[in-house]
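Colleague: need a structure here:
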Amino acid sequence: MGDRDTAFAAYFAARSEAMRGTAYLLCGDWHRAEDLVQTAFTKLYLVWNRVSRHEVLDAYVRQILVRTFLDERRRGWWRRERVGGEQTDRPAPPDSPENRLVLLQALAAVPPRQRAVLVLRYWEDQSVDETAAVLGCSTGTVKSQSARGLETLRGLLSPTLSGTRKGQP
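Modeller: Sure thing, here's the model as predicted:
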C-alpha cells in the first residue's frame, strides 16, 4: 500500500463512523447511511491526490455526503416509509431511547433540504455560514430552511408529546 492509500485508509478509519452518524440522521436508515458514506468516501478517494488542505477534510466529506443525499432525493432514488408506533399513556424520561426514536422518526419526515440544514446546524454544530457553504446556498436560505425545519419538526412532535402526557396529573 502506497503513502496515498495509507493516508486515506487512516482518515477513513478515523472519520467514517462519525460521517455514518450524520448520514443516518439525514436518511433515517443505517443501510442507506452506509451507502451514502461509501459514496462520499469513494468520491474523496478519487480526488485524494488533489486535496491539498487535509485540515478541512471533514467539511469537504460532509459537503459530499449532504449533496449526495440531496441528489438522490431529487432523482427519486429513494422510497418513503412511514414508521408508526403506539402512544403510551405516560411520558418517557427526557433522554430515553423511546424519545430518541420518536425524534428520529419525526426528523425522517422533515423535507430533505430542511433536514440537511437541521442536521448540519444542530447535530454537526455548524455555523450558518458553514452550513451555507456545504449546501451551496445563501445564509438567508439556511436561516429560513432552519426555521421551517424546526417548525415542521415541532408540528410532527407536538401530537406525540401531547399524546404521551395523557393521564398525567
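
Colleague: how about the secondary structure of the most centrally placed residue in the chain?
Modeller: In the chain, the centroid-proximal residue (C-alpha atoms, centre = their mean) is Leu26; its distance is 3.0 Å. Secondary structure, DSSP: H, G, I helix; E, B strand; the rest coil: Leu26 is helix.

Colleague: so what's it up against?
Modeller: Leu26 sits next to 33, 36, 65-66, 69, 112, 115-116, 119 when contact means C-beta atoms under 8 Å, 6 or more residues apart in numbering. Heads up, the C-betas are built off the backbone N, CA and C, glycines and all.

Colleague: so what pLDDT did it get?
Modeller: We have a pLDDT of 91 for Leu26.

Colleague: what's the separation between the closest residue to Leu25 other than its chain neighbours and Val51?
Modeller: Take Leu25 and drop its neighbours on the chain: the residue closest to it by C-beta to C-beta, 6 or more residues apart in numbering is Val119, 4.6 Å away. Distance, Val119 to Val51, using C-beta to C-beta, to the nearest Å: 23 Å.

Colleague: same check, this time on Ala108
Modeller: In terms of C-beta to C-beta, Ala108 sits 32 Å off from Val51.

Colleague: please identify which of these two sits among more neighbours.
Modeller: Shown here are Ala108 and Val51; by other C-beta atoms under 10 Å, Ala108 has more neighbours (19 against 15).

Colleague: buried residues, the host helix or strand of that one. List them.
Modeller: Assessed by DSSP states H and E, Ala108 sits inside helix 97-109. Across helix 97-109, burial judged by 16 or more other C-beta atoms under 10 Å covers 99, 102, 105-108.

Colleague: and which of those is nearest Gly155?
Modeller: Taking C-beta to C-beta as the measure, Gly155 sits nearest to Ala106 out of the buried residues of helix 97-109, at 9.0 Å.

Colleague: setting aside sequence neighbours, what's the nearest residue to that closest one?
Modeller: Leu156 (4.1 Å).

Colleague: just checking, the one you found touches Ala109?
Modeller: Yes. Between Leu156 and Ala109 there is a contact at 5.5 Å, judged by C-beta atoms under 8 Å.
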